[in-house]
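need a structure here:
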Amino acid sequence: MSPRVGVTLSGRYRLQRLIATGGMGQVWEAVDSRLGRRVAVKVLKQEFSADPEFIERFRAEARTTAMLNHPGIASVHDYGETQMNGEGRTAYLVMELVNGEPLNSVLKRTGRLSLRHTLDMLEQTGRALQVAHAAGLVHRDVKPGNILITPTGQVKITDFGIAKAVDAAPVTQTGMVMGTAQYIAPEQALGHDASPASDVYSLGVVGYEAVSGKRPFTGDGALTVAMKHIKEAPPPLPSDLPPNVRELIEITLVKNPGMRYRSGGPFADAVAAVRAGRRPPRPNQGAPAGRATPAAIPSGTQARVAASPTGRAPAARRSRATTGGQRTQPPRRTFSSGQRALLWAAGVLGAFAIIIAVLIVMKHDSGSQQQSPPPTVTDTGQPPSKPGSTPANPTYWTNRDATGNPGRQSARWHSRAAVLTDHRAMPPRPETPQ
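Now for the predicted structure:
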């Protein structure tokens with residue numbers, strides 16, 4: 001027997017209204033008869049409830065998620081299993097009932113969000129993800145369907161208790177896999193372990209879709225889309241977006257996880273910088289803990305290692321690393337009395353040569369004061385521009401007119417939206433004062 005209106009799970013949760021149906025099961029509005037409150041209950045499909053490995057992961061992740069406490073994360077209240085009319089045990093998850101609309105429904109209705117609403121949503125979602133990342137939990141399935149928007153503009157992330165268990169599930173469920181493939185990180189598509197940077201990538205895809213009205217990669221099936229995430233660069237974002245917004249999204253969609261923002265917190269900080277009219281800071285390009293990537297090797301170290309014929313560090317450095325702190329002093333070089341005399345004489349002659357050269361130059365300068373002085377290099381006070389560095393005046397970088405000339409940053413680009421569900425069209429770019 002499938003879940004239906006009026007069914008009571010475990011003698012406590014009475015199902016009242018079907019909210020949504022997905023690849024893994026159904027979400028119901030229910031009443032907790034013990035506490036007298038309205039809750040959301042996700043009832044898993046029978047094939048998942050009958051999979052022991054899936055259920056074990058499901059239980060463990062539900063316990064972990066229940067410990068997360070953040071206004072941007074839908075709370076997990078309970079987990080249970082119950083007999084459904086002789087069809088075997090059915091697992092379910094009891095969660096906070098959020099008065100909100102999934103972001104995918106919003107995008108389907110409006111096409112795309114305004115820029116200020118998009119940035120507000122991304123920053124809130126990044127802050128909420130950071131709480132989970134700090135607790136060692138990776139969502140693994142960040143997508144618009146798992147981001148709810150309340151009438152007051154509050155973001156709520158759902159389905160934390162589901163994500164890890166999906167790794168143990170069959171990958172033949174079209175609805176589940178297709179929804180994930182649109183937002184999957186390249187390393188996940190390759191079968192590697194997901195990390196907080198994987199969630200950041202998926203959130204970057206959500207941001208791409210929110211500001212452009214389309215997903216970066218599409219295809220005929222989940223495998224085609226996943227391969228595009230692995231191999232292809234996303235199409236350029238609309239040119240009417242401010243450059244710092246485009247740069248933010250481009251950073252999050254790089255293929256190498258070590259080149260992205262490592263977790264939700266640094267990503268949210270970057271969004272906040274963009275909302276303030278600045279360029280997004282460059283991510284720390286060191287490799288995540290326990291994982292080596294080429295980006296983790298500083299360029300100076302690469303040059304030193306490459307210079308060694310054997311590809312190893314210089315011998316002096318190796319000796320310091322292996323002697324346990326007891327450094328072997330190299331033998332001192334000694335000179336005979338004749339050698340010392342020659343060295344002393346060479347030093348005296350060198351000093352005389354320098355004095356004579358200085359006198360010649362001074363005499364030449366005194367007779368040629370009418371000549372223009374040679375060019376000199378002066379410090380203008382501006383640091384040299386380096387790739388990825390923030391310019392001295394980032395405000396002029398963040399907004400340019402149609403001719404590419406710097407303009408003033410309008411305050412409305414980074415004003416906080418009071419209500420995210422006020423889904424108006426993308427506001428026009430501010431005009432540059434003439």
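
where do the strands sit along the stretch 51-200 of the chain?
With DSSP state E, counting those that start in this stretch as the criterion, the stretch 51-200 of the chain has strands at 76-83, 89-96, 101-102, 147-149, 155-157.

In CSV, could you pull the C-alpha coordinates for stretch 113-123?
Extracted C-alpha coordinates of stretch 113-123, given in CSV (Å, rounded to 0.1, in the frame of the first residue of the first chain):
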residue,chain,number,x,y,z
LEU,A,113,15.9,36.0,-10.8
SER,A,114,16.9,39.6,-10.5
LEU,A,115,20.6,40.1,-9.8
ARG,A,116,20.1,41.3,-6.3
HIS,A,117,17.8,38.4,-5.5
THR,A,118,20.3,35.9,-7.0
LEU,A,119,23.2,37.2,-4.9
ASP,A,120,21.1,37.2,-1.8
MET,A,121,20.1,33.6,-2.4
LEU,A,122,23.6,32.5,-3.1
GLU,A,123,25.1,34.2,0.0
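
low pLDDT regions in the protein?
In the predicted model of the chain, residues 1, 85-87, 161-179, 285-434 satisfy pLDDT under 70.

tell me the domain boundaries of it?
With automatic domain parsing serving as the domain definition, the record reports that the chain contains domains spanning 8-96, 101-285.

Now distance to S2 too, for those, in TSV please.
C-beta coordinates here come from the backbone N, C-alpha and C atoms, glycine included. Conversion of the domains of the chain to TSV gives the following (distance: least, CB to CB, whole Å):
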stretch	distance to S2
domain 8-96	8
domain 101-285	16
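
coming back round to it: with distance to P196 and mean neighbour count added, can I get the strands of the stretch 51-200 of the chain in a markdown table?
Compiled in a markdown table, those are given as follows (distance: least, CB to CB, whole Å; neighbours: other CB atoms under 10 Å):
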| stretch | distance to P196 | mean neighbour count |
| --- | --- | --- |
| strand 76-83 | 20 | 17 |
| strand 89-96 | 22 | 22 |
| strand 101-102 | 23 | 18 |
| strand 147-149 | 17 | 25 |
| strand 155-157 | 14 | 24 |
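
Could you save those as a markdown table and add columns showing distance to L44?
Rendered in a markdown table, the data for these read as follows (distance: least, CB to CB, whole Å):
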| stretch | distance to L44 |
| --- | --- |
| strand 76-83 | 9 |
| strand 89-96 | 5 |
| strand 101-102 | 19 |
| strand 147-149 | 20 |
| strand 155-157 | 19 |
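
out of the ones you listed, which comes closest to D120?
strand 155-157 (8.3 Å; CB to CB).

SS state for W28?
strand (DSSP: H, G, I helix; E, B strand; the rest coil).

What about it, how many residues nearby?
By the other CB atoms under 10 Å criterion, the neighbourhood of W28 contains 25 residues.

if I pick the closest residue to E232 other than its chain neighbours, what's in contact with it?
Closest residue in space to E232, ignoring its immediate chain neighbours: F217 at 6.8 Å, by CB to CB, 6 or more residues apart in numbering. Shown in contact with F217 (CB atoms under 8 Å, 6 or more residues apart in numbering): 182, 225, 228-229, 232, 234.

swap in S33?
Counting by CB under 8 Å, 6+ apart, the residues that S33 touches are 8, 11-14.

Now it. Its backbone dihedrals?
Dihedral angles of S33 (phi, psi; degrees, to the nearest 10) stand at phi -70, psi -20.

now it: how far from T8?
Separation of S33 from T8 (CB to CB, to the nearest Å): 7 Å.

where do the contact lists of those two overlap?
Listed contacts common to S33 and T8 are R14; contacts here mean CB under 8 Å, 6+ apart.

quick one on the thing from earlier: so which of the domains of the chain is the most surrounded?
Among those, ranked by average contacts under mean count of other CB atoms under 10 Å, first place goes to domain 101-285 (a mean of 20).

quick one, which of the strands of the stretch 51-200 of the chain is nearest to Q124?
With CB to CB as the criterion, Q124 lies closest to strand 155-157 of the strands of the stretch 51-200 of the chain, at 3.9 Å.

contacts for the closest one?
Outside of strand 155-157, the residues within contact range by CB under 8 Å, 6+ apart are 71-74, 96, 98, 100, 121, 124-125, 128-129, 139, 142, 146-150, 420.

repeat that with 7 Å
Residues external to strand 155-157 that are found in contact with it (CB atoms under 7 Å, 6 or more residues apart in numbering): 72-74, 98, 100, 121, 124-125, 128, 139, 146-150.

Out of these, list just those in helices.
Judged by DSSP state H, the subset of the contacts of strand 155-157 located in helices is 121, 124-125, 128.

What separation is there between the nearest residue to Y201 once chain neighbours are set aside and L35?
Nearest residue to Y201, sequence neighbours excluded (CB to CB, 6+ apart): A185, at 4.0 Å. Plainly put, A185 is 38 Å away from L35 if you go by CB to CB.

Report the contact partners of the residue nearest to Y201.
By CB under 7 Å, 6+ apart, the contact list for A185 reads 194, 198, 201-202.

Which ones among those residues map onto helices?
Using DSSP H, 198, 201-202 are the members of the contacts of A185 that sit in helices.

hmm, back to that, helix, strand or coil for the residue nearest to E232?
For F217, the secondary structure call by three-state DSSP comes out as coil.

Which single one of the ones in helices among the contacts of strand 155-157 is nearest to A40?
Sorting the ones in helices among the contacts of strand 155-157 by distance to A40 puts A128 at the head of the list, at 17.3 Å, by CB to CB.

Torsion angles phi and psi at the residue nearest to that closest one when sequence neighbours are not counted?
Nearest non-adjacent residue to A128, counting by CB to CB, 6+ apart: G72, 2.9 Å away. With angles defined as degrees, to the nearest 10, G72 shows backbone torsions of phi -90, psi 10.

G72: what's it in contact with?
In this structure, G72 makes contact with 124-125, 127-128, 155-157, judged by CB under 7 Å, 6+ apart.
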